[in-house]
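> everything below, folded, please.
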Amino acid sequence: MRAVDHVAYTVPHLDEAVAFFVEHFGGELIFTDGPFADGSGDAMRRRLDVDPAATCRLAMVRLGRHHNVELFEYQSLDQIGTHPRNSDAGGHHLAFYADDIDAAHAYVASIPGVVVQEGPNDVDPSAPVAGQRWFYFKTPWGMQLEMTSCGSGGFYDGLPGANVAPPSETWR
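Okay, the predicted model is just below:
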């Protein structure tokens, strides 16, 4: 393995999700593809472990210099439309790094349809990421995201992950 290529999330409306990440978080749409389906067999189940009659479209969005997010929109009769909570098996979130967490909070709170949860929150001074501040928020379709920042130095100073957040000039 050389690197992580992408992470993937299923969204209810592909075009809305792509627009959200492109317009509000500087994402770059790399490509779209589909629809994919197998009208006469069970390839969708064999390849993707979904209902054989399911169809899907996808988009790849680049966020920052090194992170690809693949977004799927499925149409399937057995689809569950609720998102898992962070405490549920399969729970997840996507986190963004910001240099100024207070400005990021104000910006995210201004995006129509976004629900901002409590924060920015401070990490305990004895924690491995002391100085970190963070808050969670939900997209208009309910996907959990996080905004995080480290006000003093950088994440994990002196540890192997010290370069987890690139300098701000490398973001776009």
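> contact partners for Lys138?
Residues counted as contacts of Lys138 (Cβ atoms under 8 Å, 6 or more residues apart in numbering) are Val114, Val115, Gln117, Gln144, Leu145. To be clear about C-beta, it is placed using only N, CA and C from the backbone, and glycine gets the same treatment.
> want to throw these into TSV with neighbour count, pLDDT and distance to Met1?
What follows is those, written out as TSV (neighbours: other Cβ atoms under 10 Å; pLDDT from 0 to 100; distance: Cβ to Cβ, whole Å):
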residue	neighbour count	pLDDT	distance to Met1
Val114	16	98	34
Val115	13	97	36
Gln117	11	97	34
Gln144	19	96	27
Leu145	18	96	26
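> domain ranges for the protein?
Following automatic domain parsing, the chain resolves into domains at 1-76, 84-153.
> quick one: which of these has the weakest pLDDT on average?
The weakest mean pLDDT among the domains of the chain belongs to domain 84-153, with a mean of 90.
> tally up the residues packed near Asp33, please.
By the measure other Cβ atoms under 10 Å, the count of residues near Asp33 is 11.
> buried sites along stretch 74-87?
For stretch 74-87, burial by neighbour count (16 or more other Cβ atoms under 10 Å) applies to Tyr74, His83.
> that'll do, ta.
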